[in-house]
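1. show me how the following folds:
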Amino acid sequence: VTMTPKTVGAFTDISRRLLNQSSIDVESLVRMDLATVLALAIDLAGLHGTGASNQPTGLINVAGIGSVAGGTNGAVPTWANIVALETAVAVPNADIGRLAYVTNAKVRGKLKSTPRVAGTNDNMIWQDGNNPLNGYQSVVSNQVSSTLTKGTSSGVCSAIFYGNWGDLLV
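-> From the prediction side, this is the model:
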């Protein structure tokens, strides 16, 4: 992997009057808000960065890593898709470390109402508990796009990422 430095920044103005009149620690509040904005920008770049215009190349744009297509024109994720994601990581012996799923709230909602076996309603793909997706940690971030295009399904598709997040370099 060729590493090149990137920079992300955030800026805000705080008046001296606000700092003097505030009853809460405004400086701390603003610092936390700026840190959140920067963290979200880094997350977005790590997942969906284009690699152009001085952006990092996000996972979705990295060639040579395993991927599982839901269908020619996108599809509702199935239990077989979830297992196929794990298999795509396991085949090259990359299923070690801090393995987890990352997706958005729309996918989580869909998986909570999609049964593992069609025609049943008692065992949904996304389970309640600490490790809700096939026993692995599952993180929901709306930094995962829900406006992807697959075939003729334009701007309505979402991604599900799975892998060892301890090895992600941004």
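
2. contacts, neighbours, all on C-alpha from now
-> Will do.

3. just the strands in the protein please.
-> Along the chain, the stretches classed as strands by DSSP state E are 99-103, 137-140, 148-150, 153-157, 161-164.

4. same list (these) but as JSON lines, adding mean neighbour count, distance to residue 125 and mean pLDDT.
-> Putting those into JSON lines (neighbours: other Cα atoms under 10 Å; distance: least, Cα to Cα, whole Å; pLDDT from 0 to 100) gives the following:
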{"stretch": "strand 99-103", "mean neighbour count": "21", "distance to residue 125": "13", "mean pLDDT": "96"}
{"stretch": "strand 137-140", "mean neighbour count": "17", "distance to residue 125": "12", "mean pLDDT": "94"}
{"stretch": "strand 148-150", "mean neighbour count": "15", "distance to residue 125": "22", "mean pLDDT": "92"}
{"stretch": "strand 153-157", "mean neighbour count": "14", "distance to residue 125": "18", "mean pLDDT": "92"}
{"stretch": "strand 161-164", "mean neighbour count": "20", "distance to residue 125": "15", "mean pLDDT": "94"}
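
5. so can I have JSON lines of these showing distance to residue 17?
-> Formatted as JSON lines, the strands of the chain follow (distance: least, Cα to Cα, whole Å):
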{"stretch": "strand 99-103", "distance to residue 17": "42"}
{"stretch": "strand 137-140", "distance to residue 17": "39"}
{"stretch": "strand 148-150", "distance to residue 17": "45"}
{"stretch": "strand 153-157", "distance to residue 17": "45"}
{"stretch": "strand 161-164", "distance to residue 17": "46"}
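
6. and the nearest residue in space to residue 99 that is not next to it in sequence, what does it touch?
-> Excluding the flanking residues, the one nearest residue 99 by Cα to Cα, 6 or more residues apart in numbering is residue 164, at 4.3 Å. By Cα atoms under 8 Å, 6 or more residues apart in numbering, the residues touching residue 164 are 94-100.

7. let's see that with 6 Å instead.
-> Residues in contact with residue 164 (Cα atoms under 6 Å, 6 or more residues apart in numbering) are 97-99.

8. lovely, talk soon.
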